[in-house]
Each structure stands twice: as structure tokens, then as C-alpha cells.
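**Student:** Give the three-dimensional model of this entry:
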Amino acid sequence: MRLKNILIVVSDMERSVSFYKELFGLRVVCDHGGNVIMTEGLVLQDRAIWESFLKNGVVPNNNASELYFEETNIEAFAEKLEHFHEPIQYVNHLMEHSWGQKVIRFYDLDGNLIEVGTPMPWTRGRNS
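**Tutor:** Sure thing, here's the model as predicted:
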């Protein structure tokens, strides 16, 4: 068995697709209207569909999970975030951990937590 996708809930599909395209370079693989599969295994699902399946509401900014991306030129990415046309809600601006990894954390447009960090020395060069 293997993990195929990570699904997050979004309230405005078009806006969210643009967010992930513009900031992370993801592309749409398959568009089923209320479900959009993007490259890297990210699936966006319309909030109304999710809530109808669960018979429960969504809790934005719940900090129960995080999307993690790696970026070698994190300073350029941090600059890109600062000038992004949508407001960015930061958890922390660019910082460096004691072990040398630089990270930045923020929420997407629907309160899904995202971390972007530099590759760790033991993961550099691995394609898995």
C-alpha cells in the first residue's frame, strides 16, 4: 500500500488553484469541478462537498496538520510571499532552527498550515 494524495478543503476552488500554481508551481492534473488533483499529490476539495460527506463543519486554522514543501532558495521564496497579491497570514517569518534548517510557516487562503523549509542535509539529492 502507498499514500497517493493529500486532500485539503478549500472554499474558493479557482482562487486556491491559483494560489498553489503561483506560489508552488503546482499544475492541475485532473479537474472534477469540486475536486481538483494537482501535481505533487495535492487534492483540493470544495468545502461544501467535504461538509456534506462529513455532516460536519470545517475548522480553519486548526493546526492539526501541515503541508510541507522544500525549497533550496528559501530567501527568494520568502520575498515572493512578501509581494504576493493575496494577504498572507504568517505563523513565523523566515527563521533558522538550531540544526541549521531555514523555515517559514503560514496559512493558505483557507487556513491550511504550510511550512516551507530548506532541504535537510540527509535528504538532499534524494528524489523520493
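
**Student:** Once you drop chain neighbours, what's closest to residue 96?
**Tutor:** Sequence neighbours aside, residue 102 is the residue nearest to residue 96 in space, at 4.9 Å (criterion: Cβ to Cβ, 6 or more residues apart in numbering). Where C-beta positions appear, they are placed from N, C-alpha and C, glycine not excepted.

**Student:** now that neighbour: how far from residue 116?
**Tutor:** Separation of residue 102 from residue 116 (Cβ to Cβ, to the nearest Å): 9 Å.

**Student:** same question, residue 81
**Tutor:** Computed as Cβ to Cβ, the residue 81 to residue 116 distance reads 9 Å.

**Student:** remind me, longest helix of this structure?
**Tutor:** Determined from DSSP state H, the single longest helix within the chain is helix 13-24.

**Student:** need the next SSE after that one, C-terminal direction.
**Tutor:** Sequence-wise, the next helix or strand downstream of helix 13-24 (DSSP states H and E) is strand 28-31.

**Student:** Counting neighbours, which bits of the helix or strand of the chain with the lowest mean pLDDT end up buried?
**Tutor:** Least confident helix or strand, the chain: helix 47-54 with a mean of 93, by mean pLDDT, DSSP states H and E. Using 16 or more other Cβ atoms under 10 Å as the test for burial, helix 47-54 gives 47, 50.
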